[in-house]
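S.K.: generate a structure from the sequence data that follows.
(one chain, ligands or ions: 2)
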Amino acid sequence: TRLIEFNRVAKVYRAVDGRPVRAVDSVSAAIGAGEFVSILGPSGCGKSTLMMMLAGLLSPSEGEIRFKGEPVFGPQEGCGIVFQDAVLFPWRTVLSNVMLPGEVRGLPKAEQERRARAMIRLVGLAGFETKFPHELSGGMQQRVSIARALSLEPSLLVMDEPFGALDAMTREQMNLELQRISLDLGATVVFVTHSIAEAAFLSDRVFVMSGRPSTVREIVDIDIPRP
Ligand code: ADP
Ligand code: ADP
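M.R.: Ligands and ions are numbered 1, 2, ... in the order given. Presented below is the predicted three-dimensional model:
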């Protein structure tokens, strides 16, 4: 079943001098429930723009994105997002950071905490609940942000170069963790990366965005059989 559909989606920004910049042009694609899809492409090809639109944080200039058959307007409940930097609240503990989405949604405190603890365990940080972000390594902080993104049990996890700021070894370890987590949860993941190896390791499918800014971009679908 199709969880996500992009129908000729485009985004046009205004440059500082007022010129229009077509950051994304005519993207059409469909992503099924439970799929792990990577998006590869050079810097500036529009990957972040596409992810922000998918997460409902930016609206398309043309075309339409559908999530569960409904057009995306604004941030969605069923979508968790992880950026390159962990953006945790420094004055909140690990537990309190991961409880935040439940708090914003207004879940009962006990329920917020139950979910947060389960996700902290899932990302391998049980025992670190009362630590503050600055007490953790970069990889651990990013795991906290993954736990937070998962805390409302989203059907879609959007990850925009989540491991881009990490060293190679930590990154490799995080890839293994993410593979385990995605298989455990069966969530749909859309994962932006510069690394072909990472994309090939993690994904069911790889979309390649090509072209310099302002040129037409096509999405090529490469099927990679999973071991
Ligand atoms: P990527 O994530 O692939 O590096 P982006 O989506 O960040 O690409 O950017 C795509 C293009 O859109 C780039 O040329 C970038 O300079 C331009 N762009 C991104 N955000 C804005 C903005 N707010 N205003 C104008 N141009 C932007
Ligand atoms: P990451 O890969 O998440 O950055 P590392 O595995 O490189 O974390 O570990 C950085 C340090 O943090 C290590 O010295 C390790 O002792 C500690 N550490 C990381 N994860 C855990 C964990 N789940 N339990 C105990 N210690 C951990």
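
S.K.: for this structure, which residues are neighbours of ligand 2?
M.R.: Contact residues, the chain versus ligand 2 (C-beta under 6 Å from any ligand atom): Gly124, Leu125, Ser137, Gly138, Gly139, Met140, Arg143, Thr170, Gln173. C-beta here means a position set from N, CA and C on the backbone, and glycine is covered the same way.

S.K.: closest one to Val98 out of the residues you listed, please.
M.R.: Leu125 (9.1 Å; C-beta to C-beta).

S.K.: check contacts around the closest one.
M.R.: Val94, Met140, Arg143, Val144, Ala147 (C-beta atoms under 8 Å, 6 or more residues apart in numbering).

S.K.: could you export the residues you listed as JSON lines, including distance to ligand 1 and pLDDT?
M.R.: Below are the contacts of Leu125 laid out as JSON lines (distance: C-beta to the nearest ligand atom, whole Å; pLDDT from 0 to 100):
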{"residue": "Val94", "distance to ligand 1": "29", "pLDDT": "98"}
{"residue": "Met140", "distance to ligand 1": "25", "pLDDT": "93"}
{"residue": "Arg143", "distance to ligand 1": "23", "pLDDT": "93"}
{"residue": "Val144", "distance to ligand 1": "23", "pLDDT": "95"}
{"residue": "Ala147", "distance to ligand 1": "24", "pLDDT": "93"}
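
S.K.: which one of those is nearest to Ala116?
M.R.: Out of the contacts of Leu125, the member with the shortest distance to Ala116 (by C-beta to C-beta) is Ala147, at 7.3 Å.
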